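1. this one's sequence-less:
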């Protein structure tokens with residue numbers, strides 16, 4: 001049997017592992033079985049949530065239908081991957097294991113190590129094929145743009161076409177009996193997902209999955225909504241409507257990054273000039289995905305430690321940190337734009353990039369929270385959680401990379417610019433709905449008689465600010481500047497840039513590198529700015 005293990009690649013189109021497994025099965029007279037394992041060790045991590053599972057389950061249903069059309073059965077099991085392989089091997093001998101490479105969190109990396117040990121013990125070859133232009137092992141960043149461009153321009157793999165003989169062979173696999181067996185763990189599936197229910201909020205309205213919905217998002221954007229993309233990119237209301245909303249489909253693999261990029265590029269060739277900038281902007285942001293994922297592949301420790309280690313102890317933990325963290329998580333900081341964004345994210349699982357960046361910036365700078373304290377919580381809320389992008393962006397916005405601009409967002413200014421009528425704030429902070437717009441951005445300026453008149457008593461109906469945001473921002477900038485001026489820190493920044501930095505020329509100042517490195521970098525394609533929006 002040729003076994004195809006599906007993970008964050010829940011589709012049949014542009015699935016190299018499925019294509020090659022079917023080709024091998026045709027040549028050797030084997031059957032092909034598709035496998036998806038619900039792994040408690042992965043789904044019980046603090047970065048996992050029911051909304052993510054709901055999206056995955058939609059993708060699984062779509063995948064199963066597509067596989068049925070091809071004639072490939074899908075077996076779903078609940079348990080840890082090595083134990084599931086043990087059980088499956090007892091049911092039917094596995095000749096070869098196929099999957100895509102995964103750049104995930106520490107839990108999935110540990111799981112892969114265990115699977116590698118299992119296949120070695122059973123003398124089974126495990127073929128891991130790339131679905132992203134991610135390079136494993138040693139990588140010279142000067143070469144990355146060229147390698148990425150080459151991968152993304154390769155033809156998209158069509159869904160495989162099985163011969164009648166292979167279809168007949170697959171039908172003889174007793175998949176239904178295996179899945180119905182108590183040893184598959186499948187009978188415990190409902191009980192397992194009840195454990196994730198506490199993370200599901202009342203009236204939660206998050207994006208749903210499935211390849212058909214993903215293709216619908218892509219077509220809607222290309223045909224209609226894409227023309228408003230740049231103008232609404234940072235807007236919390238219009239951004240939700242005119243954004244592509246492709247990010248969860250790319251994160252969980254109902255669409256491949258290559259097929260989406262090529263679809264956008266084809267549309268660019270035939271599109272009127274008035275929408276050209278919008279499509280080009282999306283195309284650029286799609287290319288950034290693997291740039292950020294490569295950082296986690298190169299340095300898995302960035303899930304827990306700052307890329308620039310001098311920043312690791314900058315924000316110490318204390319009981320007061322927990323109080324500020326809890327207020328931020330609940331949307332009760334007394335800063336309306338921050339609270340509105342958090343409440344929206346908790347209910348809908350998505351925000352435009354600028355609002356995500358502001359949430360992280362406010363938490364790490366004005367509230368002075370260690371980024372490790374809130375990164376898993378945010379990951380859990382994002383339906384489109386992609387570990388490589390998530391931890392890269394968390395560290396960038398927290399100013400712990402040593403190579404990116406220090407961004408300390410002013411939430412009042414962000415509200416005035418991107419929610420000028422205060423509609424977003426009024427929607428998610430109804431306590432402020434009857435407060436006049438100028439005061440809605442900074443309600444702490446209301447006098448007592450105004451609070452009574454507008455029905456919003458500070459400290460009762462809506463909280464007073466837990467920090468004075470301008471003074472807190474000055475403090476954060478001063479503390480970060482101290483680190484940046486340190487000679488040893490400057491040297492470490494150079495090392496971080498050589499290892500992780502984009503080779504695109506930007507307006508920001510980058511740490512000095514050797515003349516040889518800069519010469520090599522200038523010869524490469526420039527695709528990946530380090531400090532721009534990446535959530536499409």
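-> On my side now, so go ahead. What you are looking at is a predicted structure, and each value in this text was computed from that prediction instead of being measured. Numbers count the residues shown, from 1 in each chain.

2. any idea how many residues pack against the nearest residue to residue 382 once chain neighbours are set aside?
-> Closest residue to residue 382 apart from its sequence neighbours, by CB to CB, 6 or more residues apart in numbering: residue 349 at 6.3 Å. To be clear about C-beta, it is placed using only N, CA and C from the backbone, and glycine gets the same treatment. Residues within reach of residue 349, counting by other CB atoms under 10 Å, total 24.

3. residue 187 too?
-> 13.

4. can you tell me how far it sits from residue 249?
-> Distance of residue 187 to residue 249, given as CB to CB, to the nearest Å: 30 Å.

5. try residue 481
-> Applying CB to CB, the value for residue 481 to residue 249 is 40 Å.

6. the two: which has the busier surroundings?
-> Higher neighbour count among residue 481 and residue 249: residue 249, with 28 against 10, using other CB under 10 Å.

7. for residue 262, give me its contacts.
-> If a contact means CB atoms under 8 Å, 6 or more residues apart in numbering, then residue 262 has 152-153, 156 as its contacts.

8. rewinding a little: surely the residue nearest to residue 382 is in contact with residue 54?
-> No - when contacts are counted by CB atoms under 8 Å, residue 349 is not listed as touching residue 54 (9.5 Å).

9. over to residue 158. Which of the three states is it?
-> Under the three-state scheme (DSSP: H, G, I helix; E, B strand; the rest coil), residue 158 adopts coil.

10. check residue 3 too.
-> Under three-state DSSP, the three-state class of residue 3 is strand.

11. who's in contact with it?
-> Going by CB under 8 Å, 6+ apart, residue 3 touches 21, 33, 35, 88, 94, 96-98.

12. same thing with residue 335?
-> Residue 335 neighbours (CB under 8 Å, 6+ apart): 362, 366, 411-412, 465, 469.

13. 6 Å instead?
-> For residue 335, the contact set (CB atoms under 6 Å, 6 or more residues apart in numbering) comprises 411, 465.

14. what pLDDT does it get?
-> Note on residue 335: pLDDT of 98.

15. now a ChimeraX select for only the buried ones of the contacts of residue 3.
-> In ChimeraX, this line selects whichever of the contacts of residue 3 come out buried by 16 or more other CB atoms under 10 Å:
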select :21,33,35,88,94,96,97,98
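
16. which of the contacts of residue 3 fall in helices?
-> Of the contacts of residue 3, the ones assigned to helices by DSSP state H are 21, 88.

17. and the furthest pair within the contacts of residue 3?
-> Greatest spacing in the contacts of residue 3, by CB to CB: 21 and 88 (14.8 Å).

18. what is the neighbour count of the nearest residue to residue 263 once chain neighbours are set aside?
-> Nearest residue to residue 263, sequence neighbours excluded (CB to CB, 6+ apart): residue 218, at 6.1 Å. Neighbour count for residue 218, taken as other CB under 10 Å: 21.

19. how far away is residue 218 from residue 247?
-> From residue 218 over to residue 247 (counting by CB to CB), the distance is 12 Å.

20. in TSV, list the contacts of residue 262 along with neighbour count and distance to residue 268.
-> Formatted as TSV, the contacts of residue 262 follow (neighbours: other CB atoms under 10 Å; distance: CB to CB, whole Å):
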residue	neighbour count	distance to residue 268
152	21	14
153	11	14
156	14	17
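
21. ok, back up a step: just send the contacts of residue 3 back as a markdown table, with distance to residue 424 and pLDDT too.
-> Shown next, in a markdown table, are those (distance: CB to CB, whole Å; pLDDT from 0 to 100):
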| residue | distance to residue 424 | pLDDT |
| --- | --- | --- |
| 21 | 48 | 98 |
| 33 | 48 | 98 |
| 35 | 43 | 98 |
| 88 | 50 | 96 |
| 94 | 52 | 97 |
| 96 | 52 | 98 |
| 97 | 48 | 98 |
| 98 | 46 | 98 |
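
22. what is whichever strand or helix holds residue 339 packed up against?
-> Here residue 339 sits within helix 336-348, counting by DSSP states H and E. Counting contacts by 3 or more CB pairs under 6 Å, 6 or more residues apart in numbering; DSSP states H and E, helix 336-348 packs against helix 411-418, helix 423-428.

23. of all the ones you listed, which one comes closest to residue 175?
-> Per CB to CB, nearest to residue 175 of the helices and strands packed on helix 336-348: helix 423-428, 45.9 Å.

24. could you point out which element follows that closest one?
-> The element immediately downstream of helix 423-428 (helix or strand, assigned by DSSP H and E) is helix 437-441.

25. report all helices and strands that that following helix contacts.
-> Checked by 3+ CB pairs under 6 Å, 6+ apart, helix 437-441 has helix 411-418 packed alongside it.

26. would you confirm that residue 364 contacts residue 370?
-> No - between residue 364 and residue 370 there is no contact under CB atoms under 6 Å: 7.9 Å.

27. which of those two has more neighbours?
-> Higher neighbour count among residue 364 and residue 370: residue 364, with 26 against 21, using other CB under 10 Å.

28. what's near enough to touch the more buried one?
-> Residue 364 sits next to 371, 398 when contact means CB under 6 Å, 6+ apart.

29. and stretch 383-401, how far from the chain's centre?
-> The chain centroid and the centroid of stretch 383-401 are separated by 8 Å under CA atoms, centre = their mean, to the nearest Å.

30. next one: stretch 455-466
-> Relative to its chain's centre, stretch 455-466 lies at 34 Å (CA atoms, centre = their mean).

31. could I get the buried residue list for it?
-> Neighbour-count burial for stretch 455-466 [16+ other CB under 10 Å]: 456, 458, 462-463, 465-466.

32. next one: stretch 427-438
-> Quick answer for stretch 427-438 (16+ other CB under 10 Å): 428-429, 431-433, 435, 437.

33. that one - what's its average pLDDT?
-> Stretch 427-438 shows a mean pLDDT of 97.

34. show me where the chain dips below the pLDDT cut-off.
-> For the chain, residues meeting the criterion pLDDT under 70 lie at 197-200, 272-275, 403-404, 488-493, 495-496, 498-499, 501-536.

35. kindly state the domain boundaries assigned to it.
-> What the record gives for the chain is the domain set 1-131, 211-297, 303-485, from automatic domain parsing.

36. so what does the helix ranked longest in the chain touch, helix or strand wise?
-> In the chain, taking DSSP H as the definition, the longest helix is helix 276-298. When contacts are defined as 3+ CB pairs under 6 Å, 6+ apart, helix 276-298 packs onto helix 257-269, helix 387-397.

37. which non-adjacent residue is nearest the residue nearest the centre of the chain?
-> In the chain, the residue lying closest to the centroid (CA atoms, centre = their mean) is residue 386, at 2.4 Å. Distance criterion CB to CB, 6+ apart; nearest residue to residue 386, sequence neighbours excluded, is residue 251 at 4.2 Å.
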